[in-house]
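> give me a 3D structure for the following:
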Amino acid sequence: MSNSEVGWLSWFFSITVWKKRLSHIQKRILDLPDNLRIATLTSWRDKERGLAVFAGVFLASLVITLVLIYGVGLSQAFLEESIEQTVFDSKIEFKSAPEQGASGWTNDTAVLQQMCDEVVLRKEFNDCTLVLGKSGLHSEISWGNDAAFYASPLFMEKIETSNVDRKWDTEDLWDYEYTTGPPVVNVRAISFLGPEAFDGVLAERLSENIIYEMGEWKTHEEVNSQRGIYIPLDIASAAGAEVGDNIDTLTFTYTYERSLPGVMEDEDCPGEIIQGEEYRLMYCQVKMSLENVTILGIYEPWPQGNPVLAANPIYTTWTLLSEEQQITLIDKDHVYLGITVDRSLLPTSSISAAEDWLDVISNDHSHNYNNCDSSLIKST
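Next comes the predicted model:
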């Protein structure tokens, strides 16, 4: 048995992991809502999360689980309701990590946005945007694939402001436990969205969770000119933050390098070395900052779902970053295309129809872009 397989098995059968899962299940049972349909949907969504970790398919594969429960002929209206809490249905990323001198990838945001333009020409997809955020898996999440542990978000580091009434220095403010997928590092993430996320389907989905009278999901032009960010309610409450607050400096970190435990030395890292949860992989994190940003909205966090994306991050747009910062993040693999599926097209007549539909979409998108290697990107 390989070392990677041993690593996966030790994580899967970890007593700590299963204690957390059993504790989570116990809490969910105690908190069951009165409405039986909602309770059933919630409990099975938890099971789907676990399955998605190892299945490595579209998050929209939630349809398969729901069909299994509710039977053949599930209505499209109910299906759409059941997955409406997900912003992105899929991600497309480089098939292999970027390397200097390697072919088959680009750090040109204009080229990457053109890929999005090509994606939405297909009727199955109705929106797409370039996101600078969690680094790539470069393959399906499956047994023996260490990429699930190496893939890391952009981590929040700190926020500084001259407003003495705010509590951005609250202890453990940026701690955040990710409950889906293999444990990486439990630190709140930040995601930089492209202009397309501020109109169309993505904007509709993101705006739904903006809390009443706590801002609005603005156009990209407004977010860019006002240097806006959006924060989840739990962060806003802990910091005493409000819409309209000006932030002098927002600092986050990107992953410069990753290694197995004990391999990386301080001299190998131009930033700070941190270790992941349980598996204890080492991450060299380097700081990057934004100056003079404003809180434009506060949103209600979504239930954690897709294990390949960081749940409930700070949101803003990558056009606030300098060109040098953008290139650095792409070169360090913190890039993907966030995709939305036209959910009304999801087959509900049978399990096999849903599976076949997802397989066709996934397979059809491993092809050639801009004369690059045909294995440039991978649907996840």
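
> use CA for all of it now, contacts and neighbours both
Will do.

> pull out the buried positions in the lengthiest strand in the chain.
Longest strand in the chain, counting residues (DSSP state E): strand 282-299. Under the neighbour-count criterion of 16 or more other CA atoms under 10 Å, strand 282-299 has 282-288, 290-291, 293-299 buried.

> one more: stretch 261-269?
264, 269.

> so A236 sits right up against I298, yeah?
Yes. Using CA atoms under 8 Å, A236 makes contact with I298 at a distance of 7.1 Å.

> any residues in contact with both of the two?
Residues touching both A236 and I298 (CA atoms under 8 Å, 6 or more residues apart in numbering): E242.

> which parts of stretch 312-326 are buried?
In stretch 312-326, counting by 16+ other CA under 10 Å, buried: 312-320, 326.

> quick one: the helices in the stretch 151-300 of the chain?
200-207, 220-226, 233-239 (DSSP state H, counting those that start in this stretch).

> what sits up against the longest one?
By CA under 8 Å, 6+ apart, the surrounding residues in contact with helix 200-207 are 84, 86-88, 126-128, 196-197, 216-217, 340.

> most neighbours out of the residues you listed, which is it?
C128 (29 neighbours; other CA atoms under 10 Å).

> surely that one meets L337?
Yes. Counting by CA under 8 Å, C128 touches L337, with 6.5 Å between them.

> any common contacting residues for these two?
C116.

> rewinding a little: who are the packing partners of the following helix or strand past the longest strand of the chain?
Per DSSP states H and E, the first helix or strand lying C-terminal to strand 282-299 is strand 314-317. Using 3 or more CA pairs under 8 Å, 6 or more residues apart in numbering; DSSP states H and E as the contact test, the elements touching strand 314-317 are strand 189-193, helix 220-226, strand 228-232.

> ranking these by burial, who's on top?
Compared across these, strand 189-193 shows the largest average neighbour count, a mean of 25 (mean count of other CA atoms under 10 Å).

> what does that strand rub up against?
129-134, 153-156, 252, 310-318.

> recalculate using a threshold of 10 Å.
With contact meaning CA atoms under 10 Å, 6 or more residues apart in numbering, strand 189-193 is reached by 129-134, 152-157, 174-176, 220, 229-231, 252-253, 309-321, 326, 334-335, 337-338.

> got it, and stretch 323-334?
Residues contacting stretch 323-334 (CA under 10 Å, 6+ apart): 93-94, 96-100, 105-109, 131-137, 151-154, 191-192, 253-257, 288-289, 318-322, 335-336.

> list only buried entries from the residues you listed.
Neighbour-count burial (16+ other CA under 10 Å) is assigned, among the contacts of stretch 323-334, to 93-94, 96-98, 105-107, 109, 131-137, 151-154, 191-192, 253-257, 288, 318-320, 335-336.

> which ones among those lie within strands?
Per DSSP E, the buried ones among the contacts of stretch 323-334 map to strands at 93-94, 131, 154, 191-192, 253-257, 288, 336.

> residues contacting the residue lying closest to L345 once chain neighbours are set aside?
Ranked by CA to CA, 6 or more residues apart in numbering and with sequence neighbours excluded, the top spatial neighbour of L345 is E124, at 7.0 Å. Contact analysis of E124 by CA under 10 Å, 6+ apart lists 340-346, 357-358, 361.

> if I look at E124, how far off is P347?
Separation of E124 from P347 (CA to CA, to the nearest Å): 11 Å.

> now do D89
15 Å.

> returning to that earlier point: pairing partners for the longest strand of the chain, with directions?
Strand 282-299 sits in its sheet next to strand 210-215 (antiparallel), strand 228-232 (parallel), strand 246-259 (antiparallel), strand 272-275 (antiparallel), going by DSSP bridges.

> dump those strands to CSV, plus distance to Q113.
As requested, those are exported to CSV (distance: least, CA to CA, whole Å):
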stretch, distance to Q113
strand 210-215, 26
strand 228-232, 21
strand 246-259, 22
strand 272-275, 32
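
> include mean pLDDT when you put the ones you listed into a markdown table, please.
Output for these, formatted as a markdown table (pLDDT from 0 to 100):
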| stretch | mean pLDDT |
| --- | --- |
| strand 210-215 | 97 |
| strand 228-232 | 98 |
| strand 246-259 | 96 |
| strand 272-275 | 92 |
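
> nearest to D165, out of those?
strand 246-259 (12.2 Å; CA to CA).

> so what's Q285 closest to, chain neighbours aside?
T255 (4.7 Å).

> OK, contacts around the one you found?
Neighbours of T255 in contact, by CA under 10 Å, 6+ apart: 134-135, 150-155, 271-274, 282-287, 329, 332-334.

> for T340, helix, strand, or coil?
Assigned with DSSP: H, G, I helix; E, B strand; the rest coil, T340 falls in the strand class.

> measure it to P301 for me?
19 Å.

> next: T219.
21 Å.

> for C269, give me phi and psi.
Backbone torsions for C269, taken as degrees, to the nearest 10, come to phi -120, psi 120.

> again but with Q326, I slipped
Torsion angles, degrees, to the nearest 10, at Q326: phi -60, psi -50.

> any idea which helix or strand carries the closest residue in space to T106 that isn't next to it in sequence?
Leaving aside its chain neighbours, T106 sits nearest to L112 (7.6 Å; criterion: CA to CA, 6+ apart). Using DSSP H and E, L112 falls within helix 109-119.

> buried residues in that helix?
When burial is assessed from 16+ other CA under 10 Å, helix 109-119 yields the following buried residues: 109, 112-113, 115-116, 119.

> got those as a markdown table, with pLDDT columns?
Compiled in a markdown table, the buried residues of helix 109-119 are given as follows (pLDDT from 0 to 100):
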| residue | pLDDT |
| --- | --- |
| T109 | 90 |
| L112 | 87 |
| Q113 | 89 |
| M115 | 84 |
| C116 | 87 |
| V119 | 82 |
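
> returning to that earlier point: so for I210, which of the helices and strands packed on strand 314-317 sits nearest?
strand 228-232 (8.9 Å).

> that closest one vs strand 189-193, what angle?
Going by axes from the mean of the first three to the mean of the last three CA atoms, to 10 degrees, strand 228-232 is angled at 140 degrees with respect to strand 189-193.
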